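Trainee: Let's see this in three dimensions:
(one chain, ligands or ions: 1)
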Amino acid sequence: MSVPVLDVRGLAHAYPDGHQALFGVDLHVHRGERVALLGPNGAGKTTLVLHLNGILTAGAGSVHVSGLPVEKKNLKEVRRRVGIVFQDPDDQLFSATVRDDVAFGPANLGLRGPELEACVRGALTQVGMLEHADRPPHHLSFGQRRRVAVATVLAMQPEILVLDEPSSNLDPASRRELADILRGLDVTVLMVTHDLPYALELCPRAVVLHDGQVVADGDTHDLLTDTELMRRHRLELPFGFDPAALPRPGPVGNVTPDHPPPTRVQRA
Ligand SMILES: Nc1ncnc2c1ncn2[C@@H]1O[C@H](COP(=O)(O)OP(=O)(O)OP(=O)(O)O)[C@@H](O)[C@H]1O
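Mentor: A predicted model of the protein is given here:
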């Protein structure tokens with residue numbers, strides 16, 4: 001098996017006020033996986049995600065992205081490899097036009113002229129927003145802005161796409177359209193979500209974080225049908241939702257996963 005795209009080992013983090021948010025987290029994500037990161041409020045999901053591209057630095061342990069350690073001297077390359085789409089698209093969109101926002105990252109990497117334009121068009125096409133390229137982002141709907149935020153990250157051709165609550169504040173049609181887009185991408189995905197049906201629909205594997213520790217890691221369907229595990233870790237499916245009613249999610253885009261399918265559920 002190849003080097004994991006994401007290799008988190010023994011990661012611990014205490015905030016300056018002394019609050020210990022992560023305790024020895026291990027997480028290995030291989031190329032072609034789509035993994036849901038689940039857990040109740042305050043579990044440490046955001047804290048973990050902020051370590052993946054060096055916004056926060058580890059108190060103990062390590063994070064490697066395709067073998068590259070997340071360290072100050074590597075941050076530029078780490079941030080190209082790990083694309084984070086934050087929950088609020090307005091944290092990511094600040095230019096006069098959609099095109100300029102999507103061009104910002106690749107232009108910083110040195111792309112110019114037709115190469116840059118092709119990159120921007122490619123990313124906007126992937127999210128179905130090419131026809132909006134010349135519009136100001138603040139004229140777009142929330143769902144459209146979220147798609148543009150995804151495009152700004154895809155334009156960097158990341159090795160892993162990290163999404164923080166991608167389905168939040170979307171109407172049912174936009175939620176489904178975004179799921180279709182994500183399913184079609186040829187990129188490894190780590191998705192933080194409280195939307196358990198969305199996790200089940202998109203991610204064959206789920207990792208549950210609770211009180212700063214990984215408490216389960218395995219097949220999403222197996223996890224979400226384990227009522228004792230769900231109760232213990234404050235995870236609740238919407239009333240009347242039956243996980244068996246959804247087909248198991250298929251592989252990522254055209255990527256052939258270089259890992260076996262998740263089967264085991266581990267418990268702390
Ligand atoms: N800047 C900070 N200073 C001190 N403690 C913090 C800070 N940010 C987060 N925490 C604490 O760290 C713990 C983990 O928070 P985190 O935001 O990572 O959880 P989360 O799983 O993302 O939660 P949610 O689902 O509510 O977004 C919480 O107890 C939180 O109060």
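Trainee: Find the helix or strand that the most centrally placed residue in the chain is a member of.
Mentor: Centroid-nearest residue in the chain, with CA atoms, centre = their mean: residue 162, separated by 2.1 Å. Using DSSP states H and E, residue 162 maps to strand 160-164.
Trainee: Give me the pLDDT value at residue 64.
Mentor: pLDDT, residue 64: 97.
Trainee: Kindly apply the preceding question to residue 178 instead.
Mentor: Residue 178 is given a pLDDT of 95.
Trainee: my read: it touches residue 170, true?
Mentor: Yes. Using CB atoms under 8 Å, residue 178 is in contact with residue 170, at 6.4 Å. Any C-beta I mention is one placed from the backbone N, CA and C, and that applies to glycine too.
Trainee: shared neighbours, those two?
Mentor: 143, 146 (CB atoms under 8 Å, 6 or more residues apart in numbering).
Trainee: Give me the phi and psi angles of the closest residue to residue 95 other than its chain neighbours.
Mentor: On the basis of CB to CB, 6 or more residues apart in numbering, the spatially nearest residue to residue 95 that is not a chain neighbour turns out to be residue 101, at 4.2 Å. Backbone torsions for residue 101, taken as degrees, to the nearest 10, come to phi -60, psi -40.
Trainee: check which helix or strand covers the residue in the stretch 51-200 of the chain that the ligand sits nearest to.
Mentor: Taking CB to the nearest ligand atom, the ligand has its nearest neighbour within the stretch 51-200 of the chain at residue 194, 6.5 Å off. Per DSSP H and E: residue 194 is located in neither a helix nor a strand.
Trainee: and the closest residue to it other than its chain neighbours, how many neighbours does it have?
Mentor: Once flanking residues are discounted, residue 194 sits nearest to residue 165: 6.9 Å by CB to CB, 6+ apart. Look at residue 165: counted by other CB atoms under 10 Å, it has 20 neighbours.
Trainee: Sketch out the low-pLDDT regions of the protein for me.
Mentor: Across the chain, residues meeting the criterion (pLDDT under 70) sit at 1, 250-268.
Trainee: would you list every one of the helices in it?
Mentor: Here the chain has its helices, by DSSP state H, at 45-52, 75-81, 98-108, 113-126, 142-154, 172-184, 196-202, 220-224, 227-232.
Trainee: circling back: tally of neighbours for the residue of the stretch 51-200 of the chain closest to the ligand?
Mentor: Using other CB under 10 Å, residue 194 is surrounded by 16 other residues.
Trainee: pretty sure it contacts residue 164?
Mentor: No. Contact criterion CB under 8 Å: residue 194 and residue 164 do not qualify, at 10.7 Å.
Trainee: quick one: furthest residue from the center of the chain?
Mentor: Distance to centre of the chain, CA atoms, centre = their mean, peaks at residue 113 (29.9 Å).
Trainee: distance of residue 238 from the ligand?
Mentor: Look at residue 238 and the ligand: by CB to the nearest ligand atom, to the nearest Å, they are 17 Å apart.
Trainee: need the contact list for that residue.
Mentor: So residue 238 contacts 196, 197 (CB under 8 Å, 6+ apart).
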